[in-house]
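[1] Give me a model of this one.
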Amino acid sequence: MKNPYFLLLIFLLFNGGNANVGTAYGGQGFTVNIKSDIPNEDITLHCQSKDTNLGYHVLNSAKLQYRWSFHENIWGSTLYFCHFWRKMDEQKFDVFNLKMSIWCDHGFGEGNTCNWEIKNDGFYFFDFRSQKWYKQYEWKPRENISRKIIKN
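    Numbers count the residues shown, from 1 in each chain. Alright, predicted model coming up:
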């Protein structure tokens, strides 16, 4: 092939869906910060995107927050979601997508931070424009725990 840049262009176009590839295109850098305001209870979370599995993490008195950084892909379609569990409750939702990115702190360069806080009554997202926390989700009863009353 006469033009080696053509192959590079094809490679970049087909791999642009990966959130980490956004760096090559100058995609915006973001950090998602999830903080627990329930220090005496274990909160297990599992976060991932289409391409990146961040694994399981436990928030408790020893570790009150979990955060990660990434770059948006060239289409602006980067999405991360998390599943949260505690003793009797759970919840799952998007913690980052294009629509919610406008409420994140837009600092300089890599300073775009999206903050979540976990409380006993649910999940709060910080709107940097209004400088306020807004409740987005409530805990739901866990589906895989038997709630049957045992009668003697």
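
[2] For the rest of this, base every contact and every neighbour count on C-alpha atoms.
    OK.

[3] and W103, how many neighbours does it have?
    The number of residues packed near W103 is 19, by other Cα atoms under 10 Å.

[4] Now do it against S130, distance only.
    Distance, W103 to S130, using Cα to Cα, to the nearest Å: 9 Å.

[5] Any stretches of the protein with poor pLDDT?
    1-27, 107-110, 144-152 (pLDDT under 70).

[6] how about a cut-off of 90?
    Across the chain, the ranges flagged by pLDDT under 90 are 1-29, 39, 72-77, 98, 100-112, 143-152.

[7] Where do the helices of it begin and end?
    Using DSSP state H, the helices assigned to the chain run over residues 4-15, 98-101.

[8] show me the contacts for N53.
    Contacts of N53 were listed using Cα atoms under 8 Å, 6 or more residues apart in numbering, and they are C47.

[9] In the sheet, which residues pair with it? Tell me.
    Q48 (DSSP bridges).

[10] What's the separation between the residue lying closest to G111 once chain neighbours are set aside and R142?
    Nearest non-adjacent residue to G111, counting by Cα to Cα, 6 or more residues apart in numbering: F30, 6.8 Å away. F30 is 31 Å from R142, where distance means Cα to Cα.

[11] When the two are compared, which one has more neighbours?
    Between F30 and R142, F30 has the larger neighbour count (other Cα under 10 Å), namely 23 against 15.
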